[in-house]
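K.L.:
Can you look at this prediction? I've put the sequence above it.
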Amino acid sequence: MLARRTGVPIAIGRDRPAAAQLLINAGCDVIVSDDGLQHYALARDCEIIVVDGERRFGNERLLPAGPLRETPGRLKEADAVVVNGGPVVIGGLAYLAGALRVRLEATDAIALRYGTAKPLSEFSGQSVHAVAAIGNPQRFFKMLESLGIHVIPHALPDHARLRADDISFADDLAVLMTEKDAVKCTEIAGPHHWYVPVNIVFDEGDAEALQSVVAKSIEKRAAGA
(Lines give C-alpha, C1' and ligand atoms only; values in the text may rest on other atoms or scores of the structure.)
Protein backbone atom coordinates (compact mmCIF):
# COMPACT_ATOMS: atom_id res chain seq x y z
CA MET A 1 0.00 0.00 0.00
CA LEU A 2 2.80 2.40 0.87
CA ALA A 3 4.58 1.64 -2.38
CA ARG A 4 1.42 2.36 -4.37
CA ARG A 5 0.65 5.55 -2.48
CA THR A 6 4.11 7.10 -2.51
CA GLY A 7 5.95 5.66 -5.49
CA VAL A 8 9.17 5.54 -3.45
CA PRO A 9 11.36 2.48 -2.72
CA ILE A 10 10.09 0.26 0.12
CA ALA A 11 12.16 -2.38 1.95
CA ILE A 12 10.70 -5.02 4.28
CA GLY A 13 12.76 -7.16 6.65
CA ARG A 14 13.19 -8.28 10.23
CA ASP A 15 16.77 -6.99 10.13
CA ARG A 16 16.07 -3.25 10.05
CA PRO A 17 19.69 -2.12 9.50
CA ALA A 18 19.96 -4.52 6.55
CA ALA A 19 16.67 -3.22 5.12
CA ALA A 20 17.89 0.36 5.56
CA GLN A 21 21.12 -0.51 3.75
CA LEU A 22 19.10 -1.82 0.80
CA LEU A 23 17.42 1.60 0.55
CA ILE A 24 20.72 3.42 0.84
CA ASN A 25 22.12 1.26 -1.93
CA ALA A 26 19.06 2.21 -4.00
CA GLY A 27 19.96 5.89 -3.64
CA CYS A 28 17.67 6.92 -0.78
CA ASP A 29 18.96 9.72 1.46
CA VAL A 30 16.00 9.83 3.90
CA ILE A 31 14.59 6.65 5.45
CA VAL A 32 11.32 6.42 7.37
CA SER A 33 11.11 3.25 9.46
CA ASP A 34 7.56 2.28 10.35
CA ASP A 35 7.25 0.86 13.87
CA GLY A 36 11.01 1.13 14.32
CA LEU A 37 11.30 2.68 17.79
CA GLN A 38 12.51 -0.43 19.61
CA HIS A 39 14.83 -1.56 16.82
CA TYR A 40 17.81 -0.02 18.58
CA ALA A 41 20.31 -1.63 16.23
CA LEU A 42 18.98 0.84 13.66
CA ALA A 43 20.58 4.26 14.05
CA ARG A 44 18.15 7.15 13.96
CA ASP A 45 18.27 10.93 13.69
CA CYS A 46 14.64 11.63 14.54
CA GLU A 47 12.05 9.75 16.59
CA ILE A 48 8.33 10.34 16.02
CA ILE A 49 5.98 8.40 18.28
CA VAL A 50 2.34 8.01 17.22
CA VAL A 51 -0.18 7.32 19.99
CA ASP A 52 -3.67 5.92 19.47
CA GLY A 53 -5.82 8.71 20.92
CA GLU A 54 -8.60 6.31 21.92
CA ARG A 55 -6.67 3.40 23.43
CA ARG A 56 -3.66 5.49 24.50
CA PHE A 57 -1.49 3.36 26.84
CA GLY A 58 -4.04 0.80 28.02
CA ASN A 59 -3.20 -0.24 31.58
CA GLU A 60 0.27 1.33 31.17
CA ARG A 61 1.95 -2.03 31.82
CA LEU A 62 4.69 -3.64 29.77
CA LEU A 63 4.27 -6.83 27.76
CA PRO A 64 2.97 -9.40 28.58
CA ALA A 65 0.94 -7.78 31.40
CA GLY A 66 -0.08 -4.88 29.16
CA PRO A 67 0.27 -3.53 25.61
CA LEU A 68 3.46 -1.49 26.01
CA ARG A 69 7.01 -2.29 24.88
CA GLU A 70 8.40 0.59 26.96
CA THR A 71 7.02 2.82 29.70
CA PRO A 72 5.14 6.03 28.74
CA GLY A 73 8.10 8.00 30.12
CA ARG A 74 9.94 7.06 26.91
CA LEU A 75 7.85 9.68 25.09
CA LYS A 76 9.87 12.46 26.71
CA GLU A 77 12.92 11.37 24.68
CA ALA A 78 11.14 11.54 21.31
CA ASP A 79 11.54 14.44 18.91
CA ALA A 80 7.78 14.58 18.36
CA VAL A 81 4.66 12.86 19.72
CA VAL A 82 1.60 12.65 17.49
CA VAL A 83 -1.83 11.64 18.82
CA ASN A 84 -4.10 9.97 16.28
CA GLY A 85 -7.80 10.61 16.94
CA GLY A 86 -9.51 10.36 20.29
CA PRO A 87 -10.90 13.19 22.45
CA VAL A 88 -10.16 16.73 21.33
CA VAL A 89 -9.00 17.62 24.84
CA ILE A 90 -6.39 15.34 26.40
CA GLY A 91 -6.65 15.52 30.16
CA GLY A 92 -4.73 13.88 32.96
CA LEU A 93 -1.83 12.61 30.85
CA ALA A 94 1.29 14.69 31.29
CA TYR A 95 3.07 12.42 28.81
CA LEU A 96 1.00 13.91 25.99
CA ALA A 97 1.47 17.59 26.86
CA GLY A 98 2.42 19.44 23.69
CA ALA A 99 1.60 16.51 21.42
CA LEU A 100 0.61 17.16 17.82
CA ARG A 101 -2.86 16.07 16.71
CA VAL A 102 -4.03 14.21 13.61
CA ARG A 103 -7.19 12.44 12.53
CA LEU A 104 -8.03 10.06 9.71
CA GLU A 105 -10.52 11.28 7.13
CA ALA A 106 -12.32 9.27 4.46
CA THR A 107 -14.62 10.58 1.74
CA ASP A 108 -14.82 7.88 -0.94
CA ALA A 109 -14.90 4.14 -1.51
CA ILE A 110 -13.00 2.60 -4.42
CA ALA A 111 -14.21 -0.52 -6.26
CA LEU A 112 -11.48 -3.16 -6.09
CA ARG A 113 -12.33 -4.68 -9.45
CA TYR A 114 -12.93 -1.52 -11.46
CA GLY A 115 -11.07 1.26 -9.63
CA THR A 116 -14.10 3.54 -9.77
CA ALA A 117 -14.82 5.89 -6.88
CA LYS A 118 -18.10 6.36 -5.03
CA PRO A 119 -18.82 8.87 -2.24
CA LEU A 120 -19.14 7.13 1.10
CA SER A 121 -22.25 9.22 1.67
CA GLU A 122 -24.03 6.99 -0.86
CA PHE A 123 -23.71 4.08 1.58
CA SER A 124 -25.43 6.08 4.34
CA GLY A 125 -28.52 4.29 5.62
CA GLN A 126 -27.41 0.99 4.09
CA SER A 127 -26.13 -2.17 5.75
CA VAL A 128 -22.64 -3.26 4.67
CA HIS A 129 -20.09 -5.85 5.67
CA ALA A 130 -16.95 -4.15 6.98
CA VAL A 131 -13.70 -6.15 6.98
CA ALA A 132 -10.59 -4.99 8.81
CA ALA A 133 -7.35 -6.84 9.52
CA ILE A 134 -5.59 -3.92 11.19
CA GLY A 135 -4.32 -3.13 14.68
CA ASN A 136 -7.54 -1.39 15.75
CA PRO A 137 -10.46 -2.63 13.60
CA GLN A 138 -12.98 -0.76 15.75
CA ARG A 139 -11.56 2.54 14.52
CA PHE A 140 -12.53 1.59 10.96
CA PHE A 141 -15.98 0.39 11.98
CA LYS A 142 -16.70 3.52 14.02
CA MET A 143 -15.59 5.76 11.17
CA LEU A 144 -18.11 4.11 8.84
CA GLU A 145 -20.85 4.25 11.47
CA SER A 146 -20.20 7.97 11.98
CA LEU A 147 -21.24 8.42 8.33
CA GLY A 148 -24.61 6.78 8.95
CA ILE A 149 -23.60 3.39 7.55
CA HIS A 150 -25.00 0.29 9.26
CA VAL A 151 -21.92 -1.87 9.83
CA ILE A 152 -21.78 -5.65 10.10
CA PRO A 153 -18.23 -5.93 11.50
CA HIS A 154 -15.69 -8.59 10.63
CA ALA A 155 -12.49 -8.03 12.63
CA LEU A 156 -9.47 -10.16 11.75
CA PRO A 157 -5.95 -10.32 13.24
CA ASP A 158 -3.59 -7.54 12.21
CA HIS A 159 -1.76 -8.36 8.94
CA ALA A 160 -3.97 -11.42 8.34
CA ARG A 161 -3.64 -13.02 4.91
CA LEU A 162 -7.17 -12.61 3.60
CA ARG A 163 -8.81 -15.44 1.69
CA ALA A 164 -11.99 -15.46 -0.38
CA ASP A 165 -13.93 -16.86 2.59
CA ASP A 166 -12.92 -13.85 4.69
CA ILE A 167 -14.59 -11.36 2.34
CA SER A 168 -17.50 -13.46 0.98
CA PHE A 169 -20.89 -13.56 2.70
CA ALA A 170 -24.28 -15.17 2.07
CA ASP A 171 -25.97 -12.01 0.79
CA ASP A 172 -25.50 -9.31 -1.81
CA LEU A 173 -24.52 -6.49 0.56
CA ALA A 174 -21.55 -4.29 -0.26
CA VAL A 175 -18.27 -5.21 1.44
CA LEU A 176 -16.09 -2.32 2.62
CA MET A 177 -12.50 -2.89 3.70
CA THR A 178 -9.41 -0.87 4.54
CA GLU A 179 -6.91 0.06 1.86
CA LYS A 180 -4.30 -1.98 3.72
CA ASP A 181 -6.47 -5.09 3.32
CA ALA A 182 -7.50 -4.34 -0.25
CA VAL A 183 -3.97 -4.85 -1.63
CA LYS A 184 -4.29 -8.51 -0.60
CA CYS A 185 -7.68 -8.99 -2.26
CA THR A 186 -7.32 -7.72 -5.82
CA GLU A 187 -7.37 -11.24 -7.26
CA ILE A 188 -10.37 -12.48 -5.24
CA ALA A 189 -12.60 -9.38 -5.21
CA GLY A 190 -15.99 -9.15 -6.86
CA PRO A 191 -18.00 -6.16 -8.09
CA HIS A 192 -19.43 -5.55 -4.60
CA HIS A 193 -16.02 -5.19 -2.88
CA TRP A 194 -14.85 -1.68 -2.04
CA TYR A 195 -11.95 -0.24 -0.11
CA VAL A 196 -11.90 3.01 1.85
CA PRO A 197 -8.69 5.05 1.56
CA VAL A 198 -8.00 7.46 4.40
CA ASN A 199 -5.94 10.62 4.53
CA ILE A 200 -4.26 12.21 7.53
CA VAL A 201 -5.52 15.63 8.54
CA PHE A 202 -3.46 17.63 11.04
CA ASP A 203 -4.75 20.21 13.47
CA GLU A 204 -3.92 23.76 12.40
CA GLY A 205 -0.17 24.38 12.42
CA ASP A 206 0.75 20.84 13.50
CA ALA A 207 1.77 19.65 10.02
CA GLU A 208 4.21 22.54 9.75
CA ALA A 209 5.51 21.84 13.26
CA LEU A 210 6.22 18.19 12.43
CA GLN A 211 7.83 19.10 9.12
CA SER A 212 10.09 21.53 10.96
CA VAL A 213 11.18 18.82 13.42
CA VAL A 214 12.09 16.46 10.58
CA ALA A 215 13.83 19.19 8.54
CA LYS A 216 16.01 20.17 11.50
CA SER A 217 17.02 16.54 12.01
CA ILE A 218 17.99 16.26 8.34
CA GLU A 219 19.98 19.49 8.50
CA LYS A 220 21.76 18.31 11.63
CA ARG A 221 22.72 15.01 9.94
CA ALA A 222 23.89 16.84 6.80
CA ALA A 223 26.10 19.08 8.94
CA GLY A 224 27.70 15.98 10.47
CA ALA A 225 26.60 16.86 14.00
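P.N.:
Right, received. Where do you want to start?

K.L.:
contacts and neighbour counts: CA atoms only from here.
P.N.:
OK.

K.L.:
Contacts for the longest helix along the chain, please.
P.N.:
Counting by DSSP state H, the longest helix found in the chain is helix 206-222. Helix 206-222 is contacted from outside by 45-46, 79-80, 100-101, using Cα atoms under 8 Å, 6 or more residues apart in numbering.

K.L.:
and what of stretch 98-108?
P.N.:
Under Cα under 8 Å, 6+ apart, the answer for stretch 98-108 is 80-85, 117-121, 196-203, 206, 210.

K.L.:
Any idea how far apart the tips of it sit?
P.N.:
Using Cα to Cα, to the nearest Å, the end-to-end distance of stretch 98-108 comes to 32 Å.

K.L.:
Who wins on neighbours among the contacts of helix 206-222?
P.N.:
Neighbour tally across the contacts of helix 206-222 (other Cα atoms under 10 Å): the maximum, 22 neighbours, falls on Arg101.

K.L.:
Beyond the regular element (helix or strand) spanning that residue, next helix or strand please.
P.N.:
Assigned by DSSP states H and E, Arg101 belongs to strand 100-105. Next helix or strand after strand 100-105 toward the C-terminus (DSSP H and E): strand 108-111.

K.L.:
Name the strands paired with that next one and say parallel or antiparallel.
P.N.:
Sheet pairing here is set by DSSP bridges, and for strand 108-111 it gives strand 117-119 (antiparallel), strand 193-196 (antiparallel).

K.L.:
neighbouring contacts of whatever helix or strand comes next after the shortest one?
P.N.:
Next helix or strand after strand 117-119 toward the C-terminus (DSSP H and E): strand 127-132. The list of residues contacting strand 127-132 from outside it, by Cα under 8 Å, 6+ apart, reads 140-141, 149-156, 167, 173-178, 181.

K.L.:
Now with 6 Å, please.
P.N.:
150-155, 173-177 (Cα atoms under 6 Å, 6 or more residues apart in numbering).

K.L.:
Which among those count as buried?
P.N.:
By neighbour count, with 16 or more other Cα atoms under 10 Å, those hold 150-151, 153-155, 174-177 as buried.

K.L.:
Kindly reformat those residues as JSON lines containing pLDDT, secondary structure and distance to Thr107.
P.N.:
Output for the buried ones among the contacts of strand 127-132, formatted as JSON lines (pLDDT from 0 to 100; DSSP: H, G, I helix; E, B strand; the rest coil; distance: Cα to Cα, whole Å):
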{"residue": "His150", "pLDDT": "98", "secondary structure": "strand", "distance to Thr107": "16"}
{"residue": "Val151", "pLDDT": "98", "secondary structure": "strand", "distance to Thr107": "17"}
{"residue": "Pro153", "pLDDT": "98", "secondary structure": "strand", "distance to Thr107": "20"}
{"residue": "His154", "pLDDT": "98", "secondary structure": "strand", "distance to Thr107": "21"}
{"residue": "Ala155", "pLDDT": "97", "secondary structure": "strand", "distance to Thr107": "22"}
{"residue": "Ala174", "pLDDT": "98", "secondary structure": "coil", "distance to Thr107": "17"}
{"residue": "Val175", "pLDDT": "98", "secondary structure": "strand", "distance to Thr107": "16"}
{"residue": "Leu176", "pLDDT": "98", "secondary structure": "strand", "distance to Thr107": "13"}
{"residue": "Met177", "pLDDT": "98", "secondary structure": "strand", "distance to Thr107": "14"}
